[in-house]
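K.L.:
take a look and give me a structure for this.
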Amino acid sequence: MSSDGLVAFRRWGLRIGEVYFDAAAADGSDGERVDLVRILSTFSPPSHRGFRQRHTLVIGLAEDEDELLAQVSKDTRSKIRRAADRDPVEVAGDANPSPAEVSAFADFYDRFAEGASVAPVFRPRLHALAERGKLVLTRAFDTSGEVLVRHAYVAAGGRGYMLYSGSVRAESGDSSARNLIGRANRYLHWEDIRLFKSRGFELYDFGGLDVEERSPKTAGIARFKRGFGGEVRAVYSLTRPESLRGAAVHRVLSLRGVDF
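P.N.:
Have a look, this model is predicted:
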């Protein structure tokens, strides 16, 4: 059994433990034996050397909903309202998803990932998060029941952290369907913000932000996220070997440029 702060699973033939948002929790694993520890997305640099700095966009959830909505850009706010009031779109969420619901999310995202040329879901991580009560899944769907957009979050430490976001792909040239999917995605983000606020969470975290415009694609995603307001924050992550096997694999993957 993992400690409260550690989510453990197997990968590359190793036992890997992940700690979200709190580096100190990595040192309180209650005897959990792992080969690698990953400390993810803390707001303060870990004390160990070798951490990576990135950026994310967070929304504080202390303000009331009207104040949060006022921070959303006019264009994004308009699309949220259209999706809520006029589009054939509904939303739902699972704060305690079953194994079948986790698999349904993974199947959906993997189809999205194939078309978007991004990595598929790592399923053992999702199932481990769900077993620890740290996974929230949400979805937007049309009146026929077809799911248009799905989101997955790590829910821990007062923070709802986006892990995955995927959508169906519109037929080439079908701008109407593409625009509907875009509005459904914005609407789902807004409802996710409301969900985490209603559960007493302190922060909604978009799970990363390209502040350097590394590519047109990631810059476009950053513009989408910034439409919700919020604050840009530096975040830090670290992978730390805890065994000889872990150290060997860590060294090889680092030389290959693999991002843990």
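K.L.:
so residue 229 touches residue 69, yeah?
P.N.:
No. Taking contacts as CB atoms under 8 Å, residue 229 lies outside contact range of residue 69: 9.1 Å. In this view, the C-beta of every residue, glycine as well, is placed from N, C-alpha and C.
K.L.:
how about the residue nearest to residue 192 when sequence neighbours are not counted, what does it touch?
P.N.:
Spatial nearest neighbour of residue 192, chain neighbours left out: residue 138 (5.3 Å); criterion: CB to CB, 6 or more residues apart in numbering. For residue 138, the contacting residues are 91-94, 150-151, 153, 188, 191-192, 195, by CB atoms under 8 Å, 6 or more residues apart in numbering.
K.L.:
and these, which are buried?
P.N.:
91, 93-94, 150-151, 153, 188, 191-192, 195 (16 or more other CB atoms under 10 Å).
K.L.:
just these: which are in helices?
P.N.:
With helices taken from DSSP state H, the overlap with the buried ones among the contacts of residue 138 comprises 188, 191-192, 195.
K.L.:
hang on, the earlier thing: between the buried ones among the contacts of residue 138, which is closest to residue 128?
P.N.:
The nearest member of the buried ones among the contacts of residue 138 to residue 128, counting by CB to CB, is residue 153 at 14.5 Å.
K.L.:
okay, and the beta partners of that closest one?
P.N.:
residue 136, residue 162 (DSSP bridges).
K.L.:
thought it was touching residue 130?
P.N.:
No. Contact criterion CB under 8 Å: residue 153 and residue 130 do not qualify, at 11.4 Å.
K.L.:
does residue 197 sit in a helix, a strand or a coil?
P.N.:
For residue 197, the secondary structure call by DSSP: H, G, I helix; E, B strand; the rest coil comes out as helix.
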